[in-house]
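K.L.:
Take a look and give me a structure for this.
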Amino acid sequence: MALSDYIVTDDLTIILALAAAGLFVLHNLYKPQSLVHPILLGRQSDVARVRNPGESAVCRNYGTGMLGRFPMRPTKDQQVLLDLVRPDADAPRTLWSTKITNPQLRERAAAFGNGLIEVVGLVPKESNVLLLLNDSIEFIIADLALASNSIPSFTLNSLSLLSPVLDTHPPSAIITHAQFLPFLLELIYDSRESSHHKIIVVGEPDGKDVKDLPLFRFDEIEREGVSIDSDGDPADHVPDPGEVFTVAFSASPSGELQGAELTHENLTAGVAAARALLPLSSAISPLDTIASAFSLSTPYGRAIAYTAIYEGTSFATLDSAKVVVKNGRSATTDLEDLFSMNSLPVPSPTLYFVKPSHLDKLASAVIEEAKKSSSWIMYNLAWRHKFAGLLEGFLTKQSLWDRLVFDAARVKVMGKGAGTVRGIVVSGGNVDAQALTPARIALSVPLVNAYSHPLVAGPVLASHPLDLQTFPLHTQKAGQSAADAFAFTYTSPVGPPSVNIEAKLVGVDDPAVENGADPVGALYVRGPSVGKLLNTQDSPVQEENAEDKGWVNTGDRAKVAPNGTFKVVSVVAKGSST
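P.N.:
Model prediction:
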């Protein structure tokens, strides 16, 4: 039998072969390409070559490197807090309900600072002021004025800390809202230092009897401060970058009062770290609007706010960030809280800094709406194609399946924000590992999972916004407790250290690590954005910080993976303290 008899084909065979070849080519041409090269995601921390017994190796962000210098500020010109309000950027933007330019903001801060010294009688480097304010333009003005005149400020992340702070660290003056004045006066009259407090009120007081307590109006102080030093003479002194400008009080894991002393340098470093959360290709710009769920009374929330001010973006915080609430916190859902700033005259948010509960409720609402508004077959096809893209490291909200299924659901849930939101940063708690994929499919925007801490201005650890990797669930390994195995299995990675943080784990199992297990232990950090614990009482953290070359025990347990990303499990939930 001739060879040609074995290769005889008919037209159908040729057509099927061509169709198969065409499908193969089309599959490869239209297969989504990873948005980040796998090599970059395979080594996200630069790890020291040696480690101490009982510790993991010291980890730094791979972009910084072990020998690289930590960024201390956004640029060399930002030495102190006021420098973050760049005078050369004069484009107006909206902060909460106020449209303002940087020169106007600097002028108002200077006028209020003059009024505090000449009218109220505060003394630089001697007086201190409690900022008992909700996030607002008045908070920013007061913060800038106090920091520029070397008058330290106190902030509280919870009203439950007010009485202990008044008892142990009585301030020279208190700036608060008029609506909160009756409650504050009651506490002051009950304290032994009532005659030493001066009250500065934002808004119109209701006329109640203030007895012999000095009372000043915020707007009057600012107005009278305009005429002081109107010739433009420079101030008598310029703050030192290493000077403590604020103490942020919070509750320790054991429930005791603790304060984080922050210098100008700590906050400028925090802003530098916050700016690095997004890649240069999608960096924060004046075209953005930032919405934050973190109060300015916390170091992390303050770093976010001043990042917005430095970049010239519009900015506002959510209702849940309020510290001062007259009749108790209103019972709103996380979804309602997320859109609470819609009542403010700010552009629709483009970047959200939120908590895990916000992300979970938003993603769940979009998915439920997508299921209701499309057929079961269409929804499942859309889900499978979006999921396949994630497995390839690809994410977009411009696909066919977004237009057919998810776009309408996002508009129904998010309103105009569905078309403007381009990034979400989540911190303030553990994110369930099984919740990330549904959130990425539902929202289809870069998602950063970050870890923050009450002693650190800015993020401590943060994942790459386009790290879409998923890993199989791991079982308990030798030397690992059942609690650790369960907690770390169902907790999402929070990435490598931020660009100016060093991290290590203490109390690791050396034999297990030498046998190839991932290090697990207490998380210690240090860097220019890490504040100093106020020595209010005997504290294990303070002692360790003093004896161990600046290392601070976060009080949380962590695990570092071979690719240099961390998982953190909070021993005690911090809630709003982060």
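
K.L.:
just the strands in the stretch 251-400 of the chain please.
P.N.:
Remark: strands assigned in the stretch 251-400 of the chain by DSSP state E, counting those that start in this stretch are 257-263, 289-292, 314-317, 351-354.

K.L.:
quick one: low-confidence parts of the stretch 451-578 of the chain?
P.N.:
471-487, 535-548, 571-578 (pLDDT under 70).

K.L.:
on that earlier part again, got the strands of the stretch 251-400 of the chain as JSON lines, with distance to Val80 columns?
P.N.:
Where you see a C-beta, it was placed from the backbone N, CA and C, and this is true even at glycine. Below are those laid out as JSON lines (distance: least, C-beta to C-beta, whole Å):
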{"stretch": "strand 257-263", "distance to Val80": "9"}
{"stretch": "strand 289-292", "distance to Val80": "22"}
{"stretch": "strand 314-317", "distance to Val80": "20"}
{"stretch": "strand 351-354", "distance to Val80": "24"}
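
K.L.:
so where's the chain uncertain?
P.N.:
For the chain, the stretches flagged by pLDDT under 70 are 1-9, 26-31, 191-196, 206-212, 229-237, 326-332, 471-487, 535-548, 571-578.

K.L.:
the longest helix in it is where?
P.N.:
helix 11-30 (DSSP state H).

K.L.:
Which SSE is immediately downstream of it?
P.N.:
Past helix 11-30, further along toward the C-terminus, the next helix or strand under DSSP states H and E is helix 38-42.

K.L.:
what's the domain layout of the chain?
P.N.:
Listed by automatic domain parsing, the domain ranges of the chain are 45-73+254-323+332-577, 81-239.

K.L.:
now, of those, which is deepest in the fold?
P.N.:
Ranked by mean neighbour count under mean count of other C-beta atoms under 10 Å, the domains of the chain are led by domain 45-73+254-323+332-577, which reaches a mean of 20.

K.L.:
that older thread, could you dump the domains of the chain to TSV with distance to Gly22?
P.N.:
Shown next, in TSV, are the domains of the chain (distance: least, C-beta to C-beta, whole Å):
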stretch	distance to Gly22
domain 45-73+254-323+332-577	20
domain 81-239	53
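
K.L.:
hmm, back to that, alpha carbons of the longest helix of the chain, in PDB - could you do that?
P.N.:
This file holds the C-alpha atoms of helix 11-30, laid out as PDB (Å, rounded to 0.1, in the frame of the first residue of the first chain):
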ATOM      1  CA  ASP A  11     -12.700  18.400   2.600                       C
ATOM      2  CA  LEU A  12     -14.200  17.900   6.000                       C
ATOM      3  CA  THR A  13     -10.900  16.900   7.500                       C
ATOM      4  CA  ILE A  14      -9.200  20.000   6.100                       C
ATOM      5  CA  ILE A  15     -12.000  22.300   7.400                       C
ATOM      6  CA  LEU A  16     -11.900  20.800  10.900                       C
ATOM      7  CA  ALA A  17      -8.100  21.100  11.000                       C
ATOM      8  CA  LEU A  18      -8.200  24.700   9.900                       C
ATOM      9  CA  ALA A  19     -10.900  25.500  12.400                       C
ATOM     10  CA  ALA A  20      -8.900  23.900  15.200                       C
ATOM     11  CA  ALA A  21      -5.800  25.900  14.200                       C
ATOM     12  CA  GLY A  22      -7.900  29.100  14.100                       C
ATOM     13  CA  LEU A  23      -9.300  28.500  17.500                       C
ATOM     14  CA  PHE A  24      -5.900  27.800  18.900                       C
ATOM     15  CA  VAL A  25      -4.500  31.100  17.400                       C
ATOM     16  CA  LEU A  26      -7.500  33.100  18.600                       C
ATOM     17  CA  HIS A  27      -7.300  31.600  22.100                       C
ATOM     18  CA  ASN A  28      -3.700  32.700  22.400                       C
ATOM     19  CA  LEU A  29      -4.300  36.100  20.800                       C
ATOM     20  CA  TYR A  30      -7.200  37.000  23.100                       C
END
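
K.L.:
Would you pull up how far it lies from the middle of the chain?
P.N.:
Chain-centre distance of helix 11-30: 50 Å, with C-alpha atoms, centre = their mean, to the nearest Å.

K.L.:
Residues contacting that helix, please?
P.N.:
Residues outside helix 11-30 that contact it (C-beta atoms under 8 Å, 6 or more residues apart in numbering): none are found.

K.L.:
Next, the buried residues of it.
P.N.:
For helix 11-30, a neighbour-count test (16 or more other C-beta atoms under 10 Å) marks nothing as buried.

K.L.:
where do the strands sit along the stretch 51-200 of the chain?
P.N.:
With DSSP E, counting those that start in this stretch, the ranges of strands along the stretch 51-200 of the chain come out as 59-61, 93-95, 98-100, 129-132, 153-156, 173-177, 198-202.

K.L.:
Can you tell me which of those is nearest to Asp319?
P.N.:
Across the strands of the stretch 51-200 of the chain, Asp319 has its closest neighbour in strand 173-177 (14.7 Å, C-beta to C-beta).

K.L.:
partner strands of that closest one, parallel or antiparallel?
P.N.:
Strand 173-177 has the following sheet partners, assigned by DSSP bridges: strand 129-132 (parallel), strand 198-202 (parallel).

K.L.:
between those, which one is nearest to Thr263?
P.N.:
strand 129-132 (17.1 Å).

K.L.:
How about residues contacting that closest one?
P.N.:
Contacts for strand 129-132 (C-beta under 8 Å, 6+ apart): 116, 122, 139, 142-143, 146, 151-156, 162, 165, 171-177, 180, 184, 297, 323-324.

K.L.:
With only the CA atoms kept, save it in CSV.
P.N.:
Taking Å, rounded to 0.1, in the frame of the first residue of the first chain, the C-alpha atoms of strand 129-132 are listed here in CSV:
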residue,chain,number,x,y,z
VAL,A,129,-4.1,71.9,72.8
LEU,A,130,-6.6,69.1,72.7
LEU,A,131,-8.3,68.8,69.3
LEU,A,132,-11.7,67.4,70.2
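
K.L.:
For that strand, what is the distance to the chain centroid?
P.N.:
Put simply, strand 129-132 sits 22 Å off its chain's centre (C-alpha atoms, centre = their mean).

K.L.:
helix or strand right after the strand or helix carrying Phe488?
P.N.:
In this assignment (DSSP H and E), Phe488 forms part of helix 482-489. Per DSSP H and E, helix 482-489 leads on to strand 502-506 as the next helix or strand towards the C-terminus.

K.L.:
Show me what that following strand packs onto, helices and strands only.
P.N.:
strand 59-61, strand 520-526, strand 552-560 (3 or more C-beta pairs under 8 Å, 6 or more residues apart in numbering; DSSP states H and E).

K.L.:
what residues does the first one touch?
P.N.:
By C-beta under 8 Å, 6+ apart, the surrounding residues in contact with strand 59-61 are 44-48, 66, 68, 496-499, 501-504, 560, 564, 566.

K.L.:
hang on, the earlier thing: of all the domains of the chain, which lies closest to Pro38?
P.N.:
Here domain 45-73+254-323+332-577 is closest among these (C-beta to C-beta), at 7.5 Å.

K.L.:
Could you find the closest non-adjacent residue to Phe180?
P.N.:
Residue nearest to Phe180 in three dimensions, not counting chain neighbours: Val324, with 4.8 Å by C-beta to C-beta, 6 or more residues apart in numbering.
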